[in-house]
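Trainee: any chance you can model this:
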Amino acid sequence: MNKSQNLSDKLLSESDGQRIVKSILKHMPPDAFVDISVMSFWTSGSRWARNKATMTSDHRDIIVRVERNRGLGRPGLAHTNQIDEESLKGIAEITDYYARINQPLGEPSTGYSPRQYALNTGPVWSEKTYNRNPKENSELISSLTRESIKRDFISAGYLESYAGSLTVFGRDKWGFESTRFGKLTQAQCSVTVRAKNGSASGWAGESSYEIDHLNELDIASKALEKCIASLDPVRIEPGRYTAILEPSASASMFKLLVSSLGRIAAEQGRGPYALGYDQSLNRIRTKLGLKIVDDRISISHDPFDSRLGTLAYPAVEKIQYINKGILTTLANYYHHAPNELVEDNVSLMRKSFRVEGGGISMDEMISSTKRGLLVSRISSLESLDPQSMLYTGLTRDGLWLIENGVISKPVRNFRITESPLFVFNNVDQVGETVPVFNPINDRETLLYQNQNAIASISVPPVKINDFSFTSTVDAI
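Mentor: Numbers count the residues shown, from 1 in each chain. Okay, here's the model as predicted:
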């Protein structure tokens, strides 16, 4: 830690980031093609289990990332968490060394265009979130567990406040330099309530950049209500049922769909979006421009949408993944896009998204269902077949049988075997879009790679025909 850095500061300021960048550049040639990221993080959290507080923490960290490119070959890349002058000189020398040894022998440097930066200045920062202290969280835990104790249930969960700052610098082959600074906050609360005999479980959670947007007592109440509603589940036969996926469950399927939208795999003939080889074009065609899901499904990422709360970096344009069922975007990585003469949207690295909803309420979905299952959450998803995007996973934290338009009884959990492409081609109804709990706990991924953090996914509940529940499982 540099002596000039105040140890009481939770984050590096904009001037701190600029000073670190200048210190690194002093030890590099003035025409070097370089990307520099200076990240700082602060997390304060409290956890509880079995109705008792178990941990309170206050964690701070710094990551300085330097990438140096000489044109051809892989770039030199190094990280450090030390910001004294000697360490910054060392990381500059290390990246230069690796950039040189990665340069193909005898090959001239062709130049390098780093990513361009534009950081969101919208509502992604909250002073109240930043100023939340562990003592406040600890005092709140007793209120969150009181009703569970009274009803003789077991409560567990966590409260967490997060903040991060980011300074980014890039210099391209024409000498153009770009420096940006941004910061964000995130507050999140997750509560699980279980029966003492292990027969039932309920969960609720929320996340937002603004801690005042969270109603922790309401979250705890919802988790308890779901647990009570899940008591004494019955076993029913597996099969294909009409399924109503609550927002947390539908988000799991939508995340699989969005994360699969890669251009490189499709152009190499891999995955579900490769169409076939076109002899006239002498290349593999993709399904861009074709309908791949129900026409009520539209998915986009808008980096300046305050409802998502992201730092708009490095992509600065709105990305429309799917428009009324039609595939409109396949993602490129920044180093692939210039070679293919296509847009550098970096959308595969941006997991925050919004799914446009319909006007159907959950009550209307249930009342219009003759026989089906209401799914609270889906977990433990694992790939079975990448080509068809077939996955298997488990329902959890509440599964209920619907008969003749009403919820009749809780049922044992199922293993599911489904593809999001199959699921979203069997849509019956689409509900209203709401933000869902989707924390990303890896700090560097949160701030640097995806910038997804706060209420980063907004999806509707969906009613699906012929959802595949393949076997019962003894799990809650």
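Trainee: so where's the protein uncertain?
Mentor: 1-8, 70-74, 102-123, 172-175, 304-317, 332-351, 440-455 (pLDDT under 70).
Trainee: how about the helices of it, start to end?
Mentor: 14-25, 85-101, 127-130, 134-150, 216-229, 247-259, 263-267, 337-340, 362-367, 420-423, 443-444 (DSSP state H).
Trainee: now the ones you listed as CSV including distance to residue 382?
Mentor: For the C-beta atoms, the positions are set from N, CA and C on the backbone; glycine is no exception. Formatted as CSV, these follow (distance: least, C-beta to C-beta, whole Å):
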stretch, distance to residue 382
helix 14-25, 40
helix 85-101, 35
helix 127-130, 34
helix 134-150, 32
helix 216-229, 25
helix 247-259, 11
helix 263-267, 19
helix 337-340, 31
helix 362-367, 28
helix 420-423, 14
helix 443-444, 25
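Trainee: tell me which of the ones you listed lies nearest to residue 318.
Mentor: helix 247-259 (14.5 Å; C-beta to C-beta).
Trainee: residues touching the closest one, excluding its own?
Mentor: With contacts defined as C-beta atoms under 8 Å, 6 or more residues apart in numbering, helix 247-259 is touched by 205, 245, 293, 299, 321, 348, 351, 353, 355, 375-379, 381, 389, 391, 393, 395, 418, 420-421, 423-424, 431, 434, 436-438, 457, 459-462.
Trainee: for stretch 188-200, same thing?
Mentor: The contact list for stretch 188-200 (C-beta under 8 Å, 6+ apart) reads 144, 148, 152-160, 162, 201-208, 214, 216, 219-220, 222-224, 226-228, 230-233, 397, 410, 437, 439, 476.
Trainee: and the residues you listed, which are buried?
Mentor: Buried members of these, counted by 16 or more other C-beta atoms under 10 Å: 144, 148, 153-160, 162, 201-208, 214, 216, 219-220, 222-224, 226-227, 230, 233, 397, 410, 437, 439, 476.
Trainee: dump the residue contacts of the nearest residue to residue 324 once chain neighbours are set aside.
Mentor: The shortest distance from residue 324 to any residue other than its chain neighbours is 4.7 Å, reached at residue 295 (C-beta to C-beta, 6 or more residues apart in numbering). Taking C-beta under 8 Å, 6+ apart, we find residue 295 in contact with 324, 325, 326.
Trainee: wait, the second one touches residue 289, no?
Mentor: No - when contacts are counted by C-beta atoms under 8 Å, residue 325 is not listed as touching residue 289 (11.6 Å).
Trainee: these two: who's more crowded?
Mentor: residue 325 (17 against 10; other C-beta atoms under 10 Å).
Trainee: okay, the nearest residue to the more buried one once chain neighbours are set aside and residue 254: tell me how far apart.
Mentor: The spatially closest residue to residue 325, leaving aside those adjacent along the chain, is residue 295, at 3.9 Å (C-beta to C-beta, 6+ apart). According to C-beta to C-beta, to the nearest Å, residue 295 and residue 254 sit 16 Å apart.
Trainee: likewise residue 274?
Mentor: 22 Å.
Trainee: those two: which is more packed in?
Mentor: The residue with more neighbours, out of residue 274 and residue 254, is residue 254; 26 against 17, by other C-beta under 10 Å.
Trainee: what sits against the closest residue to residue 467 other than its chain neighbours?
Mentor: Closest residue to residue 467 apart from its sequence neighbours, by C-beta to C-beta, 6+ apart: residue 243 at 3.5 Å. Neighbour list for residue 243: 372, 373, 374, 375, 463, 464, 467, 469 [criterion: C-beta under 8 Å, 6+ apart].
Trainee: top of those by neighbour count?
Mentor: Once you tally neighbours by other C-beta under 10 Å, residue 375 ends up highest among the contacts of residue 243, having 28 neighbours.
Trainee: check contacts around it.
Mentor: 243, 244, 245, 246, 249, 395, 399.
Trainee: okay, now residue 324: neighbour count?
Mentor: Close neighbours of residue 324, defined as other C-beta under 10 Å, add up to 13.
Trainee: for stretch 400-407, list every residue counted as buried.
Mentor: 400, 401, 402.
Trainee: check the offset of it from the chain's centre.
Mentor: Centroid separation for stretch 400-407 versus its chain: 32 Å, with C-alpha atoms, centre = their mean, to the nearest Å.
Trainee: how about stretch 403-419?
Mentor: Worked out by C-alpha atoms, centre = their mean, stretch 403-419 lies 27 Å from the chain centre.
Trainee: on that earlier part again, mind picking the two most distant members of the contacts of residue 243?
Mentor: Across the contacts of residue 243, the longest distance by C-beta to C-beta is 15.1 Å; it joins 463 and 469.
Trainee: any idea how far residue 40 is from residue 416?
Mentor: Distance, residue 416 to residue 40, using C-beta to C-beta: 41 Å.
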